[in-house]
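**Q** from the sequence below, what's the structure:
(2 chains, ligands or ions: 2)
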Amino acid sequence: MTSSAPALVLSGLRKSFGSLEIIRGVDLAVPTGERHAIIGPNGAGKSTLFHLISGHYRPSAGSVRMRGEEIGGMAPQLINRRGLSRSFQITNVFPRLSVWENVRCATLWALGYRYSFWRSVDRLADARDRTEQILTEINLLDRWDMPAGLLTYAEQRALEIGLTIAGNADILLLDEPTAGMSHAETDRMVELIRQVTEGRTLVMIEHDMGVVFDLADRISVLVYGEVIASDTPKRIKANAAVQQAYLGTEVA
Amino acid sequence: MSKTTQNGAPGRPSGQGSGLVATAAIWIAVAVVLAVLPQVFSSGLAISTMCLMEIMIIFALSYNMLLGQTGLLSFGHAVFFGLGGYLTAHAMNAARGEHAPLPLEVFPLVGGATGLVFGILFGAVATRRSGTAFAMITLGIAELVSSSALILRHAFGGEEGVAFDRTRVLHLFGISFGPQEQVYYLIAGWCFLSMGGMYAITRTPFGRICNAVRDNPDRTGFIGYNTTTVRFLAFSMAGLFAGIAGGLAALNFEIVTSSAMGAAQSGTVVLMTFIGGVGNFAGPIIGAILVTYLQVMLSDITGAWQLYFGLLFMGMVMFAPTGIAGLLAMQMPLVRAGQFHRVLPWYVLALVPGLIAITGVSMMVEMCFHLTVNTADGPQMSFAHVAFDANSPLAWAVAAVLLAGGFWLFRRAGRKALDAYGSALEKARSGRAGR
Ligand SMILES: Nc1ncnc2c1ncn2[C@@H]1O[C@H](COP(=O)(O)OP(=O)(O)OP(=O)(O)O)[C@@H](O)[C@H]1O
Ligand SMILES: [Mg+2]
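**A** Ligands and ions are numbered 1, 2, ... in the order given. Next up, the predicted model:
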């Protein structure tokens, strides 16, 4: 049964750019409903892994299965329509559209409006309500008519998350959602993530260990394109190999 | 507009900017203006110029569905205009005679259907790419179609084109479409419908996603949309409306030649749209009116009129890349805050030397033109009602001084005007915030 299959299963996943192999055989299973963090040093291939799962890149080898079905190499929109949505490490919004328009556009497909060119977008009550709800959650409602390109950095990061959650996907991939944020902003973001991922599956790349140990049910450590450990936060902390490869050098 | 709606939820956007009543008022005003124009400007020249303007409004708006709305730079949009015209002409010839089953009013639909079919056909190829590759493919399609027009003489009538008589179809209510004024109302009606249709499309889920594709095609995939499909639909619809414009042009002139889909026509629509402004729905309308007016007027008074278009286009790209509509939109916050009177004198101050510089340029252009093209007439010429010798160094010196001095002053005054604009805007903003 596909419904009992894990939300995501990566097996033997590889990605090379030319002769350079960035992802070198990743096996990973994320059960439905889990909050999973991926940590690892800069350049380990964490974002590349997200690109492979979300359809941005095509795997060189191996498979990506979502609820039991192969999605490796599919176009991003097809993966998104199956219920997987991702955010980007480098803010990737629609700069000339208003904040309101940004979020509303991200709600439309999931609400079933597709390419409709015969319905007035302003009369879609469900899109309006959903947009307003998202903007409230990411605390940008009072910025609704500002072009997204003019927002501050922290506001753009919040909008990035807003675009990701607007479509109501049940698998969320967040790439460093708190990067560059102040303490207070980070706390707010953690609360938001906790709230919106209730009952969903989350995979999150994060450098802030406080956030990771706070949110994650399980943690995978990616080093040089390989998962060297995948376990509960407690046991990851105690893992000698992880200490050596990552925590010991970078954080402690 | 206010950020609060009637229901009182603070910060809740009231749908879109100006609200339904204001939108309805604008469209009623447009309809009234279209209806009254031929009564105000009733000369033959005025009416045929306005017919042309309205055709070009449809054409330019259809082009902006690509450029301004979806971010697609096409160099072959006249293909749909021209093919729409040809098919309309053939349909007219097929339907002519006493027992013609259709009235003239519906023939622009033939143009529209043609534009749509070819939009789908060529769009399926061109919209697989974006950016420069897309632009190059449209250039190739334009080349392909206009060269076929000269080879397939049977379909396109060769150099003479396809002519017909628009009065020889079914007459409804005794309207024969002999007089140009009747044709004007036919074109105005279709122009109104097309404008309304294209505006409505910008207000739909599809229209908004077009803007998203324009802004950031990569992200659009990650919110569930296929960018190729969005581009393809936009391209097909742009073809539809360009075809309607082409059909109207055919009915207007009662002849279609291959120039209707040539490179110059494709270039003109880029020019109009850009000069008017791509970022605003009204931009292409302004551009179509202005450029058509200048074409009619300038081609009457100077042989070098196309050169002036090139200069105008370059000037706009360099100094006002948002087009005329963009410049006007920039003034809106000042007008609303009652600050516009502060900047107006500075604008006038910049305009005067700008006009002087333009005088210098056009004097040089006209002297060159006179000496090279009108050699037979000798060096005597007149410019702005002043007669002089185009070979005399003095005339050239005067032109050079006008140009250089005017330009220098224009740059200085322009900078001052920009400063004035900035501080007035600051005032307008702080006034709004303090309220
Ligand atoms: N398109 C590409 N072509 C070539 N090399 C690439 C490409 N994308 C990523 N890389 C390389 O792959 C490696 C991993 O990059 P990636 O962005 O996945 O790292 P990361 O773990 O997300 O790092 P960070 O913590 O800095 O975000 C880097 O060395 C990067 O230079
Ligand atoms: Mg990264």
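**Q** which ones are touching A:Glu21?
**A** A:Glu21 is in contact with A:Arg14, A:Lys15, A:Ser60, A:Gly225, counting by CB atoms under 8 Å, 6 or more residues apart in numbering or on different chains. Quick note: C-beta positions are derived from backbone N, CA and C, even for glycine.
**Q** can you rerun that using 7 Å?
**A** A:Arg14, A:Gly225 (CB atoms under 7 Å, 6 or more residues apart in numbering or on different chains).
**Q** give me the pLDDT value at the residue of the stretch 51-200 of chain A found nearest ligand 1.
**A** Proximity to ligand 1, evaluated over the stretch 51-200 of chain A using CB to the nearest ligand atom, is greatest for A:Gln89 at 5.5 Å. If you check A:Gln89, the pLDDT there is 96.
**Q** tell me the secondary structure for it?
**A** Using DSSP: H, G, I helix; E, B strand; the rest coil as the criterion, the local structure at A:Gln89 reads coil.
**Q** what of A:Gly12?
**A** For A:Gly12, the reduced secondary structure class is strand; criterion used: three-state DSSP.
**Q** quick check on the closest residue to chain B within chain A: phi, psi?
**A** Evaluated by CB to the nearest CB, chain A has A:Trp109 as its residue closest to chain B, separated by 3.1 Å. The phi/psi pair for A:Trp109 (degrees, to the nearest 10) reads phi -60, psi -50.
**Q** what's across from the closest residue to the residue of the stretch 51-200 of chain A closest to ligand 1 other than its chain neighbours in the sheet?
**A** Taking CB to CB, 6 or more residues apart in numbering or on different chains as the measure, A:Gln89 lies nearest to A:Asp175, with 4.2 Å between them; neighbours along the chain are not counted. On DSSP bridges, the residues paired with A:Asp175 through beta bridges are A:Ile205.
**Q** count the residues that sit near A:Asp175.
**A** Taking other CB atoms under 10 Å in any protein chain shown as the criterion, the count of residues near A:Asp175 is 24.
**Q** list the contacts of it.
**A** Residues touching A:Asp175, when contacts are defined by CB under 7 Å, 6+ apart, comprise A:Ser47, A:Phe50, A:Arg86, A:Ser87, A:Phe88, A:Gln89, A:Ile205.
**Q** mind checking which of the residues you listed are buried?
**A** Under a neighbour-count criterion of 16 or more other CB atoms under 10 Å in any protein chain shown, the subset of these counted as buried comprises A:Ser47, A:Phe50, A:Arg86, A:Ser87, A:Phe88, A:Ile205.
**Q** in a markdown table: these, plus distance to B:Gly283.
**A** Written out in a markdown table, the entries for the buried ones among the contacts of A:Asp175 read as follows (distance: CB to CB, whole Å):
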| residue | distance to B:Gly283 |
| --- | --- |
| A:Ser47 | 39 |
| A:Phe50 | 39 |
| A:Arg86 | 35 |
| A:Ser87 | 34 |
| A:Phe88 | 32 |
| A:Ile205 | 42 |
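**Q** is it true that A:Leu108 touches B:Pro205?
**A** Yes - judged on CB atoms under 7 Å, A:Leu108 makes contact with B:Pro205 at a distance of 4.9 Å.
**Q** now do the shared contacts for these two.
**A** When CB under 7 Å, 6+ apart defines a contact, no residue borders A:Leu108 and B:Pro205 alike.
**Q** what about the strands in the stretch 1-150 of chain A?
**A** Taking DSSP state E, counting those that start in this stretch as the criterion, the stretch 1-150 of chain A contains strands spanning A:8-17, A:20-30, A:35-39, A:61-66, A:69-70, A:84-86.
**Q** cool, chain B as well?
**A** Secondary structure of chain B (DSSP state E): strands located at B:162-163, B:255-256, B:380-383, B:386-389.
**Q** contacts for the third one, please.
**A** With CB under 7 Å, 6+ apart as the contact definition, strand B:380-383 has outside contacts at B:Met363, B:Glu366, B:His370, B:Ala387, B:Phe388, B:Asp389, B:Ala390.
**Q** give the partner strands of it in its sheet and their orientations.
**A** For strand B:380-383, the paired strands and their directions (DSSP bridges) read strand B:386-389 (antiparallel).
**Q** could you do the second one as well?
**A** Its sheet considered, strand B:255-256 pairs with strand B:162-163 (antiparallel) by DSSP bridges.
**Q** can I take it that A:Leu202 is in a helix?
**A** No - when classified by three-state DSSP, A:Leu202 is found to be strand rather than part of a helix.
**Q** now do the contacts for the closest residue to it other than its chain neighbours.
**A** In space, and not counting its chain neighbours, A:Leu202 is closest to A:Arg35: 4.5 Å by CB to CB, 6+ apart. Shown here is A:Arg35, whose contacts under the criterion CB under 7 Å, 6+ apart are A:Thr197, A:Leu202, A:Leu215, A:Ala216, A:Asp217.
**Q** put the buried members of these into a ChimeraX selection.
**A** Buried members of the contacts of A:Arg35, defined by 16+ other CB under 10 Å, are picked up in ChimeraX with:
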select /A:197,202,215,216
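**Q** dump the contacts of A:Arg35 to TSV, plus pLDDT and secondary structure.
**A** Formatted as TSV, those follow (pLDDT from 0 to 100; DSSP: H, G, I helix; E, B strand; the rest coil):
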residue	pLDDT	secondary structure
A:Thr197	94	coil
A:Leu202	98	strand
A:Leu215	95	helix
A:Ala216	96	coil
A:Asp217	96	coil
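**Q** output the below-cut-off pLDDT ranges for the stretch 151-252 of chain A.
**A** When the per-residue scores of the stretch 151-252 of chain A are filtered using pLDDT under 70, the ranges that remain are A:246-252.
**Q** how much space separates A:Thr211 from A:Leu8?
**A** One correction, residue A:211 is Val, not Thr. Remark: distance between A:Val211 and A:Leu8 (CB to CB, to the nearest Å) = 21 Å.
**Q** next: B:Pro353.
**A** 66 Å.
**Q** need phi/psi at the residue of the stretch 51-200 of chain A closest to ligand 1.
**A** Here the main-chain torsion angles of A:Gln89 (degrees, to the nearest 10) amount to phi -70, psi -40.
**Q** what's near enough to touch it?
**A** When contacts are counted by CB under 7 Å, 6+ apart, A:Gln89 touches A:Ser47, A:Asp175, A:Glu176, A:Ala179.
**Q** of these, which are in range of ligand 2?
**A** Cross-checking the contacts of A:Gln89 against ligand 2 (CB under 5 Å from the ion) gives A:Ser47 as the overlapping residues.
**Q** want to throw the contacts of A:Gln89 into a markdown table with distance to B:Leu186?
**A** Written out in a markdown table, the entries for those read as follows (distance: CB to CB, whole Å):
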| residue | distance to B:Leu186 |
| --- | --- |
| A:Ser47 | 58 |
| A:Asp175 | 57 |
| A:Glu176 | 60 |
| A:Ala179 | 60 |
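**Q** among the contacts of A:Gln89, which are in reach of ligand 1?
**A** When contact is defined as CB under 6 Å from any ligand atom, those meet ligand 1 at A:Ser47.
**Q** nice, that's everything, thank you.
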